[in-house]
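Trainee: All I have is the shape, not the residue letters:
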């Protein structure tokens, strides 16, 4: 079993649909992240949660809505997306959000999203 | 603004042909430089973290080094299974909210 599990692995949705991506970490970590990976672009940080408190990236459109009900689970709710939102969405976790030695960020396998 | 630049974008080597991947960074108060490996359709897999200039870490055929301005990932006598995209990322001492990634180097090892 991997440390960070994401479901679904693949999702196709219409622009008017509402769907959610789910992430669960089994590492006992206190910080969780959503990243977006598009072709030919670096991974982009979308949201950070630490002990269930959100640190928001203001450049993320409101059609993406994160939810962190506890330190082990993270959701990304999707609503009225655009075709350019098609990408690999990666969940990650770390012991804390502090940049101290040893704070490695571990990734899940990702959810491939296609918006049609 | 924090930036991480990787070169080359793509590299094709013969099996056994050693080479190095470069990661240059401008990250304020760098607290860690990370290397990840990413296979097609999968999430990044953690390889190394380097914390200070002069530090080196090794794992099988890979060795990562760090200077004050850049990091290298040296690949010695690579095998086809080393083919992947290698990602470099830095974390600053300021914001501490996640990693700043480069675009990656797509490495292909031909038998």
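Mentor: Yep, it's here. None of the values given here were measured: they were computed from a predicted structure.
Trainee: Okay, now the sheet partners of the worst-scoring helix or strand of chain A on mean pLDDT, with direction.
Mentor: Using mean pLDDT, DSSP states H and E, the weakest-scoring helix or strand in chain A turns out to be strand A:53-56, at a mean of 74. Looking at strand A:53-56 with DSSP bridges, its paired strands and their directions are strand A:44-50 (antiparallel).
Trainee: The strand it pairs with - what's its average pLDDT?
Mentor: The average pLDDT for strand A:44-50 rounds to 89.
Trainee: So which residues on chain B come close to chain A?
Mentor: Within chain B, the positions near chain A by Cβ under 8 Å from any Cβ of the partner chain are B:4, B:31-32, B:34, B:36, B:41-46, B:49, B:51, B:87, B:89, B:91-93, B:96-104. (C-beta placed from N, C-alpha, C; glycine too.)
Trainee: ok, back up a step: ok, and what's touching the least confident helix or strand of chain A?
Mentor: With contact meaning Cβ atoms under 8 Å, 6 or more residues apart in numbering or on different chains, strand A:53-56 is reached by A:47, A:48, A:49, A:66, A:68, A:97, B:97.
Trainee: coming back round to it: mind checking which of the residues of chain B next to chain A are buried?
Mentor: Listed as buried from the residues of chain B next to chain A are B:4, B:31-32, B:34, B:36, B:43-44, B:49, B:87, B:89, B:91-92, B:96-104; burial here means 16 or more other Cβ atoms under 10 Å in any protein chain shown.
Trainee: For the nearest residue to residue B:34 once chain neighbours are set aside, list each beta-bridge partner.
Mentor: Nearest residue to residue B:34 in three dimensions, chain neighbours excluded: residue B:89, at 4.6 Å (Cβ to Cβ, 6 or more residues apart in numbering or on different chains). Per DSSP bridges, the residues bridged to residue B:89 are residue B:34, residue B:101.
Trainee: Pull the contacting residues for residue B:89.
Mentor: Taking Cβ under 8 Å, 6+ apart as the contact definition, residue B:89 lies against A:43, B:4, B:33, B:34, B:35, B:36, B:99, B:100, B:101, B:102.
Trainee: list the contacts for the first one?
Mentor: Looking back up the chat, that one is residue A:43. Going by Cβ under 8 Å, 6+ apart, residue A:43 touches A:35, A:36, A:37, A:90, B:44, B:87, B:89, B:99, B:101.
Trainee: how about the helices of chain A, start to end?
Mentor: Secondary structure of chain A (DSSP state H): no helices present.
Trainee: Any regions of chain A where pLDDT drops low?
Mentor: Along chain A, the model assigns pLDDT under 70 to residues A:1-2, A:56-58, A:98-102.
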